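> fold the following and give me the result.
(2 chains)
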Amino acid sequence: MSDTQWPRYEVFVQERPGRPHQHAGSVHAPDPEMALLNARDVFVRRPECASLWVAPSATVRGGTAEELSQPLAAPVSEEGNPDIEYLVFAKLEERGTLAHVGEVHATGPEGALAAAKAAASRPPLALWVIPATRVERTLPEEAASMFDPSRHKPFRDQAFYHIQTALRRLRRDPSPVASLQTRGTKH
Amino acid sequence: MVRISAEESFHNKQGIEIVLALIQGRPTQRAMARDAVHRWWWPTLMMFGPHDSESPNTPALVRWGIKTRSNDELRQDFVNQTVPQAQAMRLTLPDPDLRFDESTGNWHFGEIDWGEFWRVVGGDGPCNRERLEARRAAHDDGLWVRQALAAYAARA
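As a prediction, this is how the structure comes out:
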C-alpha cells in the first residue's frame, strides 16, 4: 500500500499579503498536512509566498470555458443544505492562471459553478469551484517557519556574472591563458 | 517563461564562469577544463536533438509555439556562439573538421556520432546504470518514511 500513488492536491500560492491565491500546480500527498509541506518544498523555492492553500484534486469542479460550454451528460439535481460555501477560482486572462476571485454559496458543485459563472465580471477562460471546508491553509502564525527559510537562502541572479566583460578582457590580454594554446592541441 | 529564461541563463553564465576560473588557475585546473570540454563537446551538440530530418515532431512543436527554432538551427547558433568563446579562452575543441565558412557566416562542424546519441537515448549511457540504481536505492531506502506518513494519515 505504501508504494501506490498518493492522492493529488491542487496548490494555490499567495505571493504577497492582500494578493489573490493563484493556482501553481499540484502535488501528491497522503494527507492535507503533508500536501502543504510538499507544496512548500516544490512551489516556494523562490521567496515569493505569504500563504499556501491545498485542496484535493477530486473536490475540484470546473474546467476550461470550452469544457464548461459542453452540456452535462445527465442533469444533476442537487438538494439539501443550500448554504455550502465554495471558493471560486477564475482564469480571466490568456497569460494568467486560475486565481481566487471570491466565494459562492450553493447546495452542490453544479449550483456553485452556475453561481460563479453568473457572478463573473467577464466570461472566464477557466473556472473552478472547491468546497471551502476541503481547502487546507497555512496559518498566518506559521508563515515565518514555512516561508522564511527560502528567503534566507542565498540566491544569485544571472546578472551577477559578467561573462562578456571577462571574455573581452581575455581577448585584449590573453596572457592569463596563453600557455594553454600549445599544450591544448593534442586532440 | 521570463523567469525560466532568467534561471537557465544563470546556469549558462555560471558554467562559463567556472571554465574561465579553471583556465586561469593552476595547471591541474587548466587540465580539468580541457578534459571537460573534450568530453562534453560532442554530447553537448547531441543535446540539441536529432537532425531536423529525423525529428518528426518539430513542425508540430513550432506550430504550437513550444519551439521557435529547429534543432539544427539552434545547434548551429550554439556552435557559432561557443567557438569564439573557446578561442578567447585558448581551449581547443575536439573536431578536426571545425572551420569558419565565409560564404554562410557559420562555423562548419563535423558529423555527430548519432550511433552514440541513440545508444545514450536508449539507456546505454556511461552513467545510466549508476543513475537508475541511485534512484531505485533512494526509493527503497525511503520506504519507511512513506509507511510512516501513510500510518500518520490513517490515524483515527
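> surely residue A:157 meets residue B:10?
Yes. Using C-beta atoms under 8 Å, residue A:157 is in contact with residue B:10, at 7.1 Å. No exception for glycine: its C-beta is placed from N, CA and C like everyone else's.
> the two: which is more packed in?
The neighbour comparison of residue A:157 against residue B:10 (other C-beta atoms under 10 Å in any protein chain shown) goes to residue B:10, with 17 against 11.
> what's the nearest residue to that one if we skip its chain neighbours?
Counting by C-beta to C-beta, 6 or more residues apart in numbering or on different chains, residue B:10 lies nearest to residue A:158, which is 3.8 Å off, once chain neighbours are set aside.
> could you do residue B:83 as well?
In this structure, residue B:83 finds its nearest non-sequential neighbour in residue B:107, 4.7 Å apart by C-beta to C-beta, 6+ apart.
> repeat that for residue B:16.
Spatial nearest neighbour of residue B:16, chain neighbours left out: residue A:163 (4.8 Å); criterion: C-beta to C-beta, 6+ apart.
> ok, the one you found - how many residues close by?
17.
> against residue B:66, how distant is it?
Residue A:163 is 28 Å from residue B:66, where distance means C-beta to C-beta, to the nearest Å.
> pLDDT below threshold where in chain B?
B:156 (pLDDT under 70).
> mind listing the helices for it?
Taking DSSP state H, the helices of chain B run over residues B:2-23, B:27-46, B:58-63, B:71-88, B:114-121, B:128-141, B:143-153.
> ok, chain A next?
With DSSP H as the criterion, chain A has helices at A:32-43, A:65-69, A:109-119, A:143-152, A:163-172, A:180-183.
> reformat those helices as CSV; add mean pLDDT.
Putting the helices of chain A into CSV (pLDDT from 0 to 100) gives the following:
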stretch, mean pLDDT
helix A:32-43, 94
helix A:65-69, 86
helix A:109-119, 92
helix A:143-152, 84
helix A:163-172, 91
helix A:180-183, 49
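> dump those helices into TSV; add distance to residue B:135 as well.
As requested, the helices of chain A are exported to TSV (distance: least, C-beta to C-beta, whole Å):
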stretch	distance to residue B:135
helix A:32-43	18
helix A:65-69	36
helix A:109-119	39
helix A:143-152	26
helix A:163-172	34
helix A:180-183	38
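> who wins for proximity to residue B:73 among these?
Closest of the helices of chain A to residue B:73 is helix A:163-172, at 22.9 Å (criterion: C-beta to C-beta).
> what residues does the closest one touch?
Residues outside helix A:163-172 that contact it (C-beta atoms under 8 Å, 6 or more residues apart in numbering or on different chains) are A:176-177, B:13, B:16-17, B:20, B:85, B:88-89.
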